[in-house]
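1. Fold the stuff below for me.
(2 chains, ligands or ions: 2)
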Amino acid sequence: MYKLFLCLRYLRSKAFAYFGMLCVALSVCLMLISVSVFTGFLNKIEKAAKGLFGDIVIEPYGERGLAHYDEFIAEITKIPDVEAADPFILGLGVLSVEGDSHYRQTVQIAGIRLPSRARVTDFEEGLFVQEGTANPTFDVPLNEAVARLEVYQKFLRAIVEREFAAELATLTPERRQACFQSGILMEHYLTRDEQSAGKRQLLRRLSSAYRNLDEAKTRLEQAQLRAGELAALRDELAQAKQRGATADEQLDLKEKIEDITDAVRIHPAGNRVILGLGIPGLTFRTDKGETIRYLMPGHNIFLYVVPLGRRFTSEGIQPNIGKFTIIDDNLSGVHSIDSKMVYIPFDTLQTLNNMYEEVSPDDPSKVVEPKRCSQIHVKVRGENLTEPDLRRTAAKIQELWGDFLKRHPDAAVSDVGIETWRQRQQQVVEPLEKQRTLVIIVIAVIWVVVVVLIFVIFYTIVTQKTREIGVLKAVGASGWGVAGVFLGYGAVVGLIGSVVGTLGGWVFVKNINAIQDWVADVFGYRVWSRDQFMFDLIPNEVDWNAAIFILASSILAGLLGALLPAIRAARMQPVEALRYE
Amino acid sequence: MSKHREKTTTETTPTLPEGLVSARDLHKTYRMGKVSLEVLRGVSFDVQPGEFITIYGHSGSGKSTLLHLLGLLDEPTSGQVFLEQTDTSSFSRNHRNAVRNRDVGFVFQFYYLLPELTVLENTLLPAMVEHSTLAWPGQNKALRQRAEELLAELGLGDRMKHRPKELSGGERQRTAIARALVNQPKLLLADEPTGNLDSKTGKKIIDVLLRLHRNHKQTILMVTHDEELAQQVGRSLYLTDGKLVK
Ligand SMILES: Nc1ncnc2c1ncn2[C@@H]1O[C@H](COP(=O)(O)OP(=O)(O)O)[C@@H](O)[C@H]1O
Ligand SMILES: [Mg+2]
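-> Ligands and ions are numbered 1, 2, ... in the order given. Model prediction:
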C-alpha cells in the first residue's frame, strides 16, 4: 500500500518532480511537433502530387509529345488496376488582362479535358464557382457564375464591415448603403486622413475588387440576356453550312455572331479559362489569410502561347494568341502551381501549342503530323496504395507501351518515361525523408538527455530521502518495495509529462499556422515561407502513430532514469541510511 | 576469539534463552580500511515480556549499535539475537522485514518522520507497509481507528492532519511513538528518545513511555546517555567498554 501512497505524496510535494515532468513534457511536445510537421509535409506532397498529376505519369522526354494518346488510353484502361487515364498538355505563355495594357505575367498553361480530369486527379476539389461538383466543366451555365459572385460579394462586404467598422459607423444609413453599391463610393466614403498607409492600401484593394466584381457580374448578366439570340444565330449558321449557302451569306452570319460576342465579351466554352488562385497581381491576401480576387469569372484575359509542339525554325517563333473568358478558378494548395498555372480546354491548347493534326496539302486524307498531347495521367484503382503497388502498375503500362510503339512507331519521337508520382517528386521527397531521419536522430538524443535528467533528479531525490528510506526499512519495507516507490514515481513523472506534452504538442500543431502568423506579427519573421515550402499552410495534422510511440518511450524514459536511483535505494543498508548525515 | 567460538558451540545445546528478546554474546566490529573498531565485545542479556529496561552509556559506547542488532536492522559480527526462543540469524530477509514490521517498534532520537506525510499518515506507515494495496481498503477503517485512538491517547488528537514541521519536538516524538506502536509490536526500542528535547519535554516523553508500560504492559527497551534518567525507570543496565554491567 505504501508504494502507491508514497509515490503520490512525493509527487504532490516535490517541486523537483514537476521540473522532471516539465522536461518530459517539453521534449514530448518538441518531438511530436517536429515529427508531425515532417510527416504532414510528406503526406501533403503525396496528396498534392497525386491530386495534380495522378498516380502515374506517362511523359516523353522533350516537348514533342505523344501521339495516338486516345488509342493508348483505351488500351491501358483495360488493365484492371487502372481506374482512369487522361491526356494533358503543358504549355508556356504570357497572360495579359483585357483592358489593362500594363499587366503581363508568365504562366504555365494546362490543357485539360473536363470532366474526365476529375476521374484522374483532385482538380474538382479546389474550384470556386463549381465548388463541390463531381463533374467540372468549362461550359459553366452563366447564371451559376452569377450566383457564385453574389455570394462572394457578401463575403467581400463582410470583410469590409469587419475591417472598417469604425468608419462605417460614422456614416448616414444612405451613405452606408451606397458604400456597398459601388466600389468607388466605398473608397470615397471610408477613406480617412488618420488611417495608416496599410489600412488605406487595404481599402483601395478591397474597393477595386468590389468594383471589378460588379463589372464581371454585369457582363455575365448581359451575356445571359443575349444568349438566346446568339444560340439562334449559331443554329442558323450551322444550317446555312449544311444547305451549302454562299460564302457571303455565311460570312454575314459569322459577323453577326462576332458582333454580339464582342458586345457581351463572354467567350464560348472552347475559349474559357480556369485560373490558378494565386497568380501574382490577380489576387491579394488579407492579413487574416483571406484570398481576395481582383479578376473574377466574367473577366477576359489573353494568353500568348509559345508553341512548343512543332520544330522551331530559324525565323524564330511567333506566339499564338487566344482570348479567354475566366469561368472559374482553382486552389490546389500547392503554391508553385496556384501561382503559375491556368487551365484551358485540351483541344484549344492543342491548337495554340501547335500540337494539332496536320494533313498533307496534296491529300487531305493523309496525316503528316498526328495530334499530340504532352502527358498522360493515370489513376490507379484502390486506396492507400504503396509505392510498390504503383510500380507494379507502371510496369504493366510500360509493357503495353512497348507493344503499342511497335504498332504505332510515330506515337513518340523520343523515349517515354512512365513514372509514379514519387519517382517524379524524388528531388523533393528524398531530402525530406533524409531530414526526417535526422530529426528522429536528434529526437533520440533528446530522449537520452531526458533519461539522464530524470536520473539526476531521482538520484538527488533518493539522496535527499536517504534517512526516510532508512525509516521505511526500519518499519519493514523491503528493498524492492522501496525501489517500487521510486520506479512508480518515475513512471508517473514520465506519464504525466508525456500526456501534458502530447496535449501541448497537439494544440500547437493544430494551431501552428495561427502561431506562425502571430510570430510574424510580433517579430516580423516567417519561418514557413510559401515559396520555399510549396504549400500555403504548415501541415497541422498530428501524426498519431508517432504520438503513441513518443508517449510510450517517454514513460520508458521516466522508468529508465529512475531505475538506477531506485536500485540504489533498494540496496541501502537500513542502519547506514539512518545514520546518514 | 577462540573463546567466543567455544561459547557459541556450547550455546547450541538446548538451553534456549527464555526472554522475549535475548542477546547472546553479541560482538560488533566496524572496519574502516585498516582500522577496526570493536564496539560490542560480548553482550548478553534477556528482556522479559512486560519489562521496561534502560541501558545507559556514554556517547559512542555502542548503545545505538546494540539496539539496531536487537531490532534486526543490522547483523552482529558474531553472537545471536533470539526472538521468542528463535535464533534470528537463520531468518530470511523477508522474515526479518516482517519481524521489523510487526514485532518491533523503533523510536529514534531525531524522530525521523516523513515530512510529506501528516501525523496520521506517519503513524499509519508501518500498517501500510504490512498490507498490500489490494488488502488496504478492507483494513483501512480499523487501522485508521487504531491510529486515531493511539494519537488521542498520546495527546495528539487535534494534530492528526498536521505536517511534522508544524509540530513541536515533543509532539514529533510522540508521533514517532505512535508510529512505533501502530502495529502493536511486542517490543518497543527507544534510542535516546529524549536526547533532542529539553528536560521538561523529555520528562513528558518518559511519562508517556511509563504509562504505556503500566497500562498496556508494553515491553520497552530504552537507551540513554543520561544515568540519572536511567536510574528512575525500570531495570537499568550500564554499557561500557562494549559490555553490559548491572
Ligand atoms: N557504520 C559505522 N562505521 C564505523 N563506525 C561506526 C559505525 N556506526 C557506528 N560506529 C562507531 O561505533 C561507535 C558506537 O556508535 P553508536 O552505537 O552510535 O554509539 P552510541 O549510540 O552509544 O552513541 C561510535 O564510535 C561510532 O563512531
Ligand atoms: Mg546513539
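2. which bits of chain B sit near chain A?
-> B:68, B:71, B:73-74, B:93-94, B:97-102, B:106, B:108, B:112, B:114-117, B:121, B:125-126, B:128-133, B:135-136, B:179 (Cβ under 8 Å from any Cβ of the partner chain). Glycine gets a C-beta too; all of them are placed from N, C-alpha and C.
3. List only buried entries from these.
-> When those are checked for burial by 16 or more other Cβ atoms under 10 Å in any protein chain shown, the buried set is B:68, B:71, B:73-74, B:97-102, B:106, B:108, B:112, B:114, B:116-117, B:121, B:125-126, B:128-131, B:136, B:179.
4. Now name the helix or strand holding the residue nearest the centre of chain B.
-> Closest to where the C-alpha atoms of chain B average out (Cα atoms, centre = their mean) is B:Leu189, at 1.7 Å. Under the criterion of DSSP states H and E, B:Leu189 resides in strand B:187-191.
5. Run me through the strand neighbours of that strand, direction for each.
-> Using DSSP bridges, strand B:187-191 pairs in its sheet with strand B:104-107 (parallel), strand B:219-224 (parallel).
6. Out of those strands, which gets nearest to ligand 1?
-> strand B:219-224 (6.9 Å; Cβ to the nearest ligand atom).
7. Excluding sequence neighbours, find me the nearest residue to the residue in chain B positioned nearest to chain A.
-> Chain A sits closest to B:Asn101 of chain B, with a gap of 2.5 Å, by Cβ to the nearest Cβ. Nearest residue to B:Asn101 in three dimensions, chain neighbours excluded: A:Gly476, at 2.5 Å (Cβ to Cβ, 6 or more residues apart in numbering or on different chains).
8. how much space is there between A:Asn129 and A:Ala232?
-> If you look again at residue A:129, you'll see it is Val, not Asn. 26 Å (Cβ to Cβ, to the nearest Å).
9. higher neighbour count, those two?
-> Between A:Val129 and A:Ala232, counting by other Cβ atoms under 10 Å in any protein chain shown, A:Val129 is the more crowded of the two (23 against 10).
10. So, low pLDDT: which residues of chain B?
-> For chain B, the stretches with pLDDT under 70 are B:1-15.
11. Do a quick rundown of the strands in it.
-> Here chain B has its strands, by DSSP state E, at B:21-32, B:35-47, B:52-56, B:78-83, B:86-87, B:104-107, B:187-191, B:219-224, B:235-240, B:243-245.
12. nearest to ligand 1, of those strands?
-> strand B:21-32 (3.5 Å).
13. Name the residues of that closest one that are buried.
-> Quick answer for strand B:21-32 (16+ other Cβ under 10 Å): B:21-28.
14. Then stretch B:71-89?
-> B:71-74, B:76-83, B:87-88.
15. closest to A:Leu8 among those residues?
-> Lowest distance from A:Leu8 to the buried residues of stretch B:71-89 (Cβ to Cβ) belongs to B:Leu73, with 27.3 Å.
16. who's in contact with the one helix or strand A:Ile274 maps to?
-> Element membership for A:Ile274, per DSSP H and E: strand A:272-276. Strand A:272-276 is contacted from outside by A:127, A:138-140, A:282, A:295, A:301, A:303, A:324-332, A:337-345, using Cβ atoms under 8 Å, 6 or more residues apart in numbering or on different chains.
17. got it, and stretch A:5-12?
-> A:17, A:461, A:485, A:488-489, A:492-493, B:114, B:116-117, B:121, B:128.
18. Now do the contacts for A:Glu83.
-> A:119, A:379-381.
19. can you confirm the residue nearest to B:Asn101 is in a strand?
-> No - counting by DSSP: H, G, I helix; E, B strand; the rest coil, A:Gly476 is not part of a strand but coil.
20. Do you know the pLDDT at it?
-> Looking at A:Gly476, its pLDDT reads 90.
21. Any chance you could note which residues of chain B sit beside ligand 1?
-> Applying Cβ under 6 Å from any ligand atom, we find that chain B lies next to ligand 1 at B:30, B:32, B:37, B:39, B:57, B:59-65.
22. wait, A:Pro80 sits on A:Arg381?
-> Yes - if you go by Cβ atoms under 8 Å, A:Pro80 and A:Arg381 touch, sitting 7.3 Å apart.
23. what's the burial count for the closest residue to chain B within the stretch 101-250 of chain A?
-> At 54.8 Å from chain B, A:Arg162 is the closest residue in the stretch 101-250 of chain A, using Cβ to the nearest Cβ. Applying other Cβ under 10 Å, we find 11 residues neighbouring A:Arg162.
24. As a check, name the ranges of all helices in the stretch 151-300 of chain A.
-> Per DSSP state H, counting those that start in this stretch, the stretch 151-300 of chain A has helices spanning A:165-169, A:173-179, A:183-190, A:197-225, A:227-242, A:247-264. These are given in chain order.
25. All the helices of chain B, in order from the start?
-> B:2-11, B:63-70, B:93-102, B:119-130, B:136-153, B:169-181, B:199-216, B:227-232 (DSSP state H).
26. quick one, which of these is nearest to A:Arg391?
-> Per Cβ to Cβ, nearest to A:Arg391 of the helices of chain B: helix B:136-153, 61.5 Å.
27. Against which helices or strands is the closest one packed?
-> With contacts taken as 3 or more Cβ pairs under 8 Å, 6 or more residues apart in numbering or on different chains; DSSP states H and E, helix B:136-153 sits against helix B:119-130, helix B:169-181.
28. how about these in JSON lines, adding distance to B:His213?
-> Compiled in JSON lines, those are given as follows (distance: least, Cβ to Cβ, whole Å):
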{"stretch": "helix B:119-130", "distance to B:His213": "20"}
{"stretch": "helix B:169-181", "distance to B:His213": "12"}
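29. list the contacts for A:Ala520?
-> A:Arg526.
30. Leaving out sequence neighbours, find the closest residue to A:Thr275.
-> For residue A:275 the amino acid is Leu, not Thr. A:Asp329 (4.4 Å).
31. Surely that neighbour forms part of a helix?
-> No - with three-state DSSP as the criterion, A:Asp329 is assigned strand and is not in a helix.
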